[in-house]
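S.K.: Task: produce atomic coordinates for the following.
(one chain, ligands or ions: 1)
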Amino acid sequence: MNDSNRPLAGLEEVEEFLKDRYPEPATVESTFKATNPNKRKEEFRNYEANARPSVREFYRLNHRYQTYDFVQTKRKEYLGLNRKQMSVWEALEFLNTLVDDSDPDTDMSQLDHLLQTAEQIRHDGHPRWFILAGLIHDLGKILCLYGEPQWAVVGDTFPVGCAWSEKVVFHPFFADNPDSKESHYQTRLGVYQEGKGLDSVSMSWGHDEYLYNVVKDYLPPEALYMIRYHSFYPCHRDGEYGYFMNQQDRDLFKWVQAFNPYDLYTKSHKKPNLAELRPFYDELIREYFPAQLRW
Ligand SMILES: [Fe+2]
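M.R.: Numbering: from 1, shown residues only. This is a model prediction of the structure:
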C-alpha cells in the first residue's frame with residue numbers, strides 16, 4: 001500500500017519517524033543544555049518536510065484534537081481502571097493481537113519488540129526493574145484495541161492547558177487546536193504552577209500515562225518515570241518545559257534518558273525465542289506484580 005491510499009500512519013511509521021528525528025542516543029549531560037538551538041530548529045523543519053504524508057496526517061490529527069478537555073475526558077474514561085483484569089502476560093498477549101499493517105517488511109510482533117528491548121537492557125547489566133520497564137513500557141498501546149485512534153495512543157506527548165513549546169514536532173498544526181483560541185491555555189504556565197512538578201501537569205493522552213496508572217503501585221519511581229514520560233521527547237530530548245519540573249522530576253529524568261536509546265534503537269531482525277526467555281520473565285513479573293492487574 002502506498003501513502004496516498006493509506007491516510008494515517010501506522011504505529012511503526014510514527015516510531016520510525018521519531019528515530020529519524022532523534023538520530024543519536026540522548027546523553028544525560030547533553031539534554032538539558034541546548035548547545036545550538038537554531039540548528040536544532042532547522043533540523044526539525046527538515047524532518048517535518050521529509051516526513052511521509054501519512055506521518056504528517058498523524059500529527060495533524062494529534063495536534064488538532066489533543067485539547068485540555070479531550071485529555072480530561074480520556075483520563076476519566078480510562079484511569080478508573082475498570083475495563084479488564086489481566087495479568088502482565090495476558091496483557092502482552094492481548095497487545096500482540098494488534099497488527100500494525102504499516103510495516104509489511106517485518107514479521108516482528110509487538111511482543112517481539114518488547115522482548116528485544118528488555119533483552120538489550122538485560123544484556124547491558126541494568127537492574128531488574130529496568131529490564132521489566134523495557135518489557136512492559138508499550139503495553140498501554142492496548143488503547144488501540146479499545147478503539148482509540150492512533151493519534152490518541154502514540155506519538156510524542158506534550159503538556160496540554162499551557163503554551164506548546166515550539167520544539168514540539170509539527171508545531172504549526174496546533175493552530176487548528178481549539179485551545180489556541182483560549183488565552184488562559186496560551187501562557188507559558190497555562191493552568192499550572194511553576195516548579196510544582198510534572199505530576200500536576202496533564203499530558204496529551206496516550207499509552208504512557210495509561211500504563212503508568214496501571215502499574216504505579218508496583219514499580220520503583222525510576223521505572224515509573226521511564227514508563228510515564230518515554231514519549232515526552234520535547235522534554236527528555238530537547239530540555240523543554242523544565243519550568244514545570246520539581247527536584248524529583250529533574251533527578252528522575254536521568255532514567256527516562258537512560259531508557260530512551262533502548263526504546264528507539266533496539267531493532268534487531270532476530271526474533272526472540274519466547275520459550276527460552278519465558279521462565280526468566282515469569283519470575284521477573286512475579287517479583288514485582290500481583291497475579292492480576294486492573295486495566
Ligand atoms: Fe512507547
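S.K.: In three-state terms, label the spatially most central residue of the chain for me.
M.R.: Centroid-nearest residue in the chain, with Cα atoms, centre = their mean: residue 231, separated by 2.9 Å. At residue 231, secondary structure determined by DSSP: H, G, I helix; E, B strand; the rest coil is coil.
S.K.: Phi, psi for it please.
M.R.: Torsion angles at residue 231 (phi, psi; degrees, to the nearest 10) stand at phi -100, psi 0.
S.K.: before we move on, what about residue 203?
M.R.: Residue 203 adopts backbone torsions of phi -90, psi 160, taken as degrees, to the nearest 10.
S.K.: One more: the one 3 residues further on?
M.R.: Backbone torsions of residue 206, given as degrees, to the nearest 10, read phi -170, psi -170.
S.K.: Equivalent analysis for residue 85, please.
M.R.: Dihedral angles phi and psi of residue 85 (degrees, to the nearest 10) take the values phi -120, psi 120.
S.K.: Which residue is the nearest non-sequential neighbour of it?
M.R.: In space, and not counting its chain neighbours, residue 85 is closest to residue 292: 4.7 Å by Cβ to Cβ, 6 or more residues apart in numbering. Glycine gets a C-beta too; all of them are placed from N, C-alpha and C.
S.K.: related to what we said a few turns ago, make sure the residue nearest to the centre of the chain is actually in contact with residue 158.
M.R.: No: between residue 231 and residue 158 there is no contact, the gap being 9.3 Å when judged by Cβ atoms under 8 Å.
S.K.: Now do the nearest residue to the residue nearest to the centre of the chain once chain neighbours are set aside: how many residues are near it, please.
M.R.: Counting by Cβ to Cβ, 6+ apart, the nearest residue to residue 231 once its immediate chain neighbours are dropped is residue 157, at 4.5 Å. By the measure other Cβ atoms under 10 Å, the count of residues near residue 157 is 24.
S.K.: now residue 175: how far from residue 67?
M.R.: As for residue 175, its distance to residue 67 is 13 Å (criterion: Cβ to Cβ, to the nearest Å).
S.K.: more neighbours, those two?
M.R.: residue 67 (19 against 10).
S.K.: List the contacts of that one.
M.R.: By Cβ atoms under 8 Å, 6 or more residues apart in numbering, the residues touching residue 67 are 160, 177-179.
S.K.: Of these, just say which sits nearest to residue 250.
M.R.: Nearest to residue 250, judged by Cβ to Cβ, of the contacts of residue 67 is residue 160 at 21.7 Å.
S.K.: these two touch, right, that closest one and residue 75?
M.R.: No: look at residue 160 against residue 75 with Cβ under 8 Å: they stay out of range, at 10.8 Å.
S.K.: Between those two, which contacts overlap?
M.R.: Shared contacts of residue 160 and residue 75 (Cβ under 8 Å, 6+ apart): residue 202.
S.K.: just so I have it, where are all the strands in the stretch 51-200 of the chain?
M.R.: 85-86 (DSSP state E, counting those that start in this stretch).
S.K.: Give the residue spans of it that score low on pLDDT.
M.R.: Applying pLDDT under 70 to the stretch 51-200 of the chain picks out residues 100-106.
S.K.: What are the boundaries of the helices in it?
M.R.: Using DSSP state H, counting those that start in this stretch, the helices of the stretch 51-200 of the chain run over 53-65, 68-78, 88-95, 110-123, 128-136.
S.K.: got the buried residues for the host helix or strand of residue 254?
M.R.: Using DSSP states H and E, residue 254 sits in helix 247-265. By 16 or more other Cβ atoms under 10 Å, the buried positions in helix 247-265 come out as 249, 252-264.
S.K.: Closest one to residue 139 out of these, please.
M.R.: Of all those, residue 263 has the smallest distance to residue 139: 13.2 Å, by Cβ to Cβ.
S.K.: Contact partners for the nearest residue in space to that closest one that is not next to it in sequence?
M.R.: For residue 263, ignoring the flanking residues on the chain, the nearest one in space by Cβ to Cβ, 6+ apart is residue 230 at 5.6 Å. Taking Cβ under 8 Å, 6+ apart, we find residue 230 in contact with 137, 208, 236, 256, 259-260, 263.
S.K.: Show me the two of those residues that sit farthest apart.
M.R.: Of all the pairs that these form, the one spanning the most space (Cβ to Cβ) is 137 and 236, at 13.4 Å.
S.K.: ok, now how distant is residue 172 from residue 56?
M.R.: From residue 172 to residue 56 the distance is 11 Å (Cβ to Cβ).
S.K.: of these two, who's got more company?
M.R.: Between residue 172 and residue 56, counted using other Cβ under 10 Å, the more crowded position is residue 56 (17 against 11).
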